[in-house]
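Structure for this input, please:
(one chain, ligands or ions: 1)
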Amino acid sequence: MTKELKFAQQLIDFIYESPTAFHAVSTVKNMLTNCGFRELKEASKWNLEKGGKFFVTKNDSAIAAFILGMGNIEECGFKIIGAHTDSPTFRIKPSPEMASEGSYIRLNTEVYGGPILNTWLDRPLGVAGRITVRSEDILFPETRLVNIKEPILIIPNLAIHMNREINKGVELNEQKDMLPLMAHINESFEKGNYLLNAIAEELNVDASTIIDFDLFLYEYEKGSIIGLNNEFISSGRLDDLAMVHAGIEALIRVPAVEATNVMIAFDNEEVGSRTKQGGDSQFLSNVLERIVISHGKGREDFFRALAKSFMISADLAHAVHPNIGDKHDPVHRPFLNKGPVIKISANQSYTTDSNSDAVYEEICKKANVPVQKFVNRSDLKGGSTIGPISSTHLDIRSVDLGNPILAMHSVRELAGVLDHTFITTSFEEFYKL
Ligand SMILES: [Zn+2]
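Below you'll find the predicted structure:
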């Protein structure tokens, strides 16, 4: 097995262990603690020494990890890579069980972010997330992660015989067509709280102590390497766990340098980032300022450090589709396995400008990594990222980029095996600077 293939397999394992943003943070925490990083609590005083390796989490669903630089922070600044932990999915509503036809039990859900709905049909689905249980301190209830590693749900399609037009495109209604089937009605359903009882059993807690939950659906099946020559990665949540994995790996691999290296993974990018753990928050800014303060320095030094800093906003890009190539710009045509893609947009939905583009292109050149560019077809409006949002909170030069994928926001996206090694190598080079 080539080292690229082995690394792609590690990404698949990482994603499999991270069915929700909460689990992604927990998986990242394990990787970091295994490599000597220490956890900081937001409520504690931070005593950080040069060369020290630390991380701090927010809401159990966002995480910032960093290695303190050996140089003077106001002179060396921060090198930051940002990505996001969340992916489009379905969130389970309170009191979710709904009977239908006097026989079926379905779960009431609402859509989280922008999934391609029809890709969720006929897939074995699992449930994972966080539950909040009663504790002594009312203000700080206890939370527990849960992952029911069983395919307990499915959203069945309608047979073609009942809709002969089905292959001409079907509008799917989130409330009516997308509710997952869980079971047949039985005695324990009649007693109520069917799902919560199953979760309580899984976690070995008393169901009556569960006060509330943040539970989501995920595709039960694990990702896989596919293609005649093992060139593709097929998996859910590549957007953006592939960039979380690449960033954390690069951070771990590079020992302390002069500047302070930071990897941050925000939550809630798929729903606009406007939460305390999202990109449109003070989370990153506060962490950076606290790092400066821990060196015994002041706000002036913080601003001096920002002026010397650089940020890579890492989120996936669109590769040219093999069947529908005309959706891309006629000139810039990113392909899988041809390297990371710098994203550029006149309306600034990406932060890249010629200065930050140049920085990353030079990094790739130094690391011997090929690099591609993405611009929208002029008559199509593309997506956005955490890049422009972070730059409105932090006065830092930044570039938007990410690996090319197909089928973004499908329950199963498609990436290139080589690209995962390419981008991680470029991130390492960035952290080494
Ligand atoms: Zn994304």
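
gap between the closest residue in space to Ala407 that isn't next to it in sequence and the ion?
Closest residue in space to Ala407, ignoring its immediate chain neighbours: Glu413 at 5.0 Å, by CB to CB, 6 or more residues apart in numbering. From N, CA and C alone the C-beta is placed, and that goes for glycine too. Relative to the ion, Glu413 is positioned 10 Å away (CB to the ion, to the nearest Å).

so what's Glu413 up against?
234-239, 316, 405-407 (CB atoms under 8 Å, 6 or more residues apart in numbering).

The residues you listed in strands, which ones?
234-235, 405-406 (DSSP state E).

out of those residues, what pair is the most spread apart?
Farthest pair in the ones in strands among the contacts of Glu413 (CB to CB) is Ser235 and Leu406. Separation: 12.1 Å.

so what sits against both of these two?
413, 415.

neighbour count winner among these two?
Ser235 (27 against 20; other CB atoms under 10 Å).

Show me the beta-bridge partners of that one.
Glu413 (DSSP bridges).

That one and Arg412 touch, don't they?
Yes. Contact criterion CB atoms under 8 Å: Ser235 and Arg412 qualify, at 6.5 Å.

shared neighbours of those two, anything?
Joint contacts of Ser235 and Arg412 (CB under 8 Å, 6+ apart) are Gly223.

still on that earlier bit, any idea which of the ones in strands among the contacts of Glu413 is closest to Glu49?
Among the ones in strands among the contacts of Glu413, Ser235 lies closest to Glu49 (CB to CB), at 38.5 Å.

The closest one: what's it in contact with?
Ser235 neighbours (CB under 8 Å, 6+ apart): 11-12, 15, 222-224, 412-413, 415.

again, only using 10 Å
8, 11-12, 14-16, 219, 221-226, 241-242, 405, 411-415 (CB atoms under 10 Å, 6 or more residues apart in numbering).

Same question for Ile405.
So Ile405 contacts 232-233, 235, 238-239, 242, 316-319, 334, 336, 341, 413-416, 419 (CB under 10 Å, 6+ apart).

circling back to that earlier point, can you redo the ones in strands among the contacts of Glu413 as CSV with distance to the ion and pLDDT?
Shown next, in CSV, are the ones in strands among the contacts of Glu413 (distance: CB to the ion, whole Å; pLDDT from 0 to 100):
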residue, distance to the ion, pLDDT
Ser234, 17, 98
Ser235, 14, 98
Ile405, 10, 98
Leu406, 14, 98
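
Stretch 113-128: which residues count as buried?
113, 115, 117-121, 123, 125-128 (16 or more other CB atoms under 10 Å).

Spell out which parts of this structure neighbour the ion.
239-240, 315 (CB under 5 Å from the ion).

I would like a ChimeraX command selecting only the buried ones among those residues, please.
Here is the ChimeraX command that selects the buried residues among these (16+ other CB under 10 Å):
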select :239,240,315
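
What is the nearest of the contacts of Glu413 to Leu158?
Using CB to CB, the contacts of Glu413 come closest to Leu158 at Ala407, 22.4 Å.

hang on, that closest one packs against Ile116?
Yes. With contact defined as CB atoms under 10 Å, Ala407 reaches Ile116; the gap is 7.4 Å.

Run through the protein and note the low-pLDDT ranges.
Counting by pLDDT under 70, the ranges of the chain that qualify are 190.

For the residue positioned nearest the centre of it, what are phi and psi?
A centroid search over the chain (CA atoms, centre = their mean) returns Thr85, at 2.6 Å, as the residue closest to the centre. Listed backbone geometry of Thr85 is phi -90, psi -20, with angles given as degrees, to the nearest 10.

residues in contact with it?
Taking CB under 10 Å, 6+ apart as the test, what Thr85 contacts is 18, 20-25, 27-28, 61-63, 237, 240-241, 244, 265-270, 277.

how about stretch 380-400: buried residues?
For stretch 380-400, by 16+ other CB under 10 Å, it's 382-391, 394, 396-400.
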